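Q: Sequence first, predicted model second:
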Amino acid sequence: MNFCKCVAGALTVLLTTAFVAPLCAQHPGRNYRLKKIIPVEGRQGVAVDSGYYYVSDTKVLYKYDKKGRIVARNDHPFMHPERANHFGDIDVYDGEIYCGIERFEYGRGYNIAISVYDASTLQWKRDFPWAPESGQVEVSGLAVDRDNGLVWMSDWVDSRYVYAYDLATGRYHSKMQCRPAPYWCQGIFVADGMMLFTADDGEAQYGIPDNIYVADVSDVPYTGLVDGEEVVKDTPFSVKLDKDGKPVMRSGKIAAGAKAGRVRLFREMNDFLRAGEIEGLSIDPVNDDLVVLNNRGTRIVLGMSQGPISDEGYTGEVHELYIYEKID
């Protein structure tokens, strides 16, 4: 039987006259109904705890109450802005916000890291080191696997894999190959051993909606890094060649293995006000609401806005949280 970790043991001595059970929701459903839409400032990711929505913009962190009012913001979140200029999707766990950060430039990420911020103050606390030997080349989203003690990162450039790190030590754990791969993965969230993926795989120009996918990540054995040899990539999708036209090889640490993950459609997002660029997602621990961030109103090229769609009346990009009630 799979018990929620936050449930106390069978024998508990109550030392106070009133006892409030801790929250242990965040269970994905099968069917959802749109409940409300909240406009926000950020365009990248969303995380939810019992009292607040946390929203990441490209270079700003916001904190909203559940009525959509800003209660805090951090306009200078990067400790080394010369190395990082971009947040992806985020998660909040145990009073801390976990953020994937990088330097992003037209379809490629550099200097990837997991940065942890205080959920109360939105101030930086610490970083987890990134293992480039894993093969990851961008970080679009981040999710805490509360059951297995892992932090996952997604890759927008090459969405074939998601990458796991140990929550306690920060050590690279393993990766999962997504089969089939979601196209342009933007955000992830993990609950009940399942990973939800948002994919910017629609076509805003033609009104084709984006989608959310799901895969089982309940069992991801440790593989880590080992000494070995692998081909050097010139770009994420091409091999570097020597003067004789042969692949260049390198020796050193390489990923020791990967899990195969079966990906299936979770939900088509055909109820957005306009097809645009889907971003992060989360599940509310209070009531299991599914919360999804979507952007609309600008043209996007390689993940970067190119200005408003003026012929539709837009003067700028619109960012909105879509709050879905779980039906079953």
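A: Ah, there it is.
Q: quick check: domain ranges of this structure?
A: According to automatic domain parsing, the chain comprises the domains 32-223+258-326, 226-252.
Q: looking at these, which is buried most?
A: domain 32-223+258-326 (a mean of 19; mean count of other Cβ atoms under 10 Å). The C-beta positions use only the backbone N, C-alpha and C, and glycine is treated the same way.
Q: Residue ranges in the stretch 1-150 of the chain under the pLDDT threshold?
A: 1-24, 106-107 (pLDDT under 70).
Q: follow-up on the earlier one: for the domains of the chain, which one sits closest to Gln26?
A: Ranking these by proximity to Gln26 (Cβ to Cβ) places domain 32-223+258-326 first, at 4.4 Å.
Q: starting at the chain centroid, how far to the closest one?
A: In terms of Cα atoms, centre = their mean, to the nearest Å, the centre of domain 32-223+258-326 is found 3 Å from the chain centre.
Q: Endpoint to endpoint, it covers what distance?
A: 5 Å (Cα to Cα, to the nearest Å).
Q: distance of Gly51 from Ala131?
A: As for Gly51, its distance to Ala131 is 34 Å (criterion: Cβ to Cβ, to the nearest Å).
Q: got it, and Val231?
A: With the distance defined as Cβ to Cβ, Val231 ends up 18 Å from Ala131.
Q: show me where the stretch 51-200 of the chain has strands.
A: 52-56, 61-65, 70-74, 86-93, 96-104, 109-118, 124-128, 141-145, 150-154, 161-166, 172-179, 185-191, 194-199 (DSSP state E, counting those that start in this stretch).
Q: Tyr324: which of those strands is closest?
A: strand 194-199 (12.0 Å).
Q: Residues in contact with that closest one: which ones?
A: 28, 89, 141, 143, 152, 154, 159, 162, 178, 182-190, 210-218, 261, 263, 266, 278-281, 292 (Cβ atoms under 8 Å, 6 or more residues apart in numbering).
Q: which helices and strands does the helix or strand following it pack with?
A: The helix or strand immediately downstream of strand 194-199 is strand 211-216, counting by DSSP states H and E. When contacts are defined as 3 or more Cβ pairs under 8 Å, 6 or more residues apart in numbering; DSSP states H and E, strand 211-216 sits against strand 194-199, strand 259-268, strand 277-283.
Q: Looking at those, spot the one closest to Phe104.
A: strand 277-283 (13.6 Å).
Q: With only the CA atoms kept, save that closest one in CSV.
A: What follows is strand 277-283, C-alpha atoms only, in CSV (Å, rounded to 0.1, in the frame of the first residue of the first chain):
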residue,chain,number,x,y,z
GLU,A,277,3.5,29.0,-25.8
ILE,A,278,2.7,26.7,-22.9
GLU,A,279,5.2,26.9,-20.0
GLY,A,280,5.3,25.5,-16.5
LEU,A,281,2.8,23.5,-14.5
SER,A,282,2.1,22.4,-10.9
ILE,A,283,-0.5,20.8,-8.7
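Q: What strands line up against it, and which way round?
A: strand 290-296 (antiparallel) (DSSP bridges).
Q: orientation of the strand it pairs with relative to strand 52-56 in degrees?
A: Calculated by axes from the mean of the first three to the mean of the last three Cα atoms, to 10 degrees, strand 290-296 forms an angle of 40 degrees with strand 52-56.
Q: which is the next helix or strand following strand 290-296?
A: Following strand 290-296 in sequence order, the next helix or strand is strand 298-301 (DSSP H and E).
Q: how near is the residue most central in space within the chain to His173?
A: Geometric centre of the chain, nearest residue: Gly141, 2.5 Å, by Cα atoms, centre = their mean. Distance of Gly141 to His173, computed by Cβ to Cβ: 17 Å.
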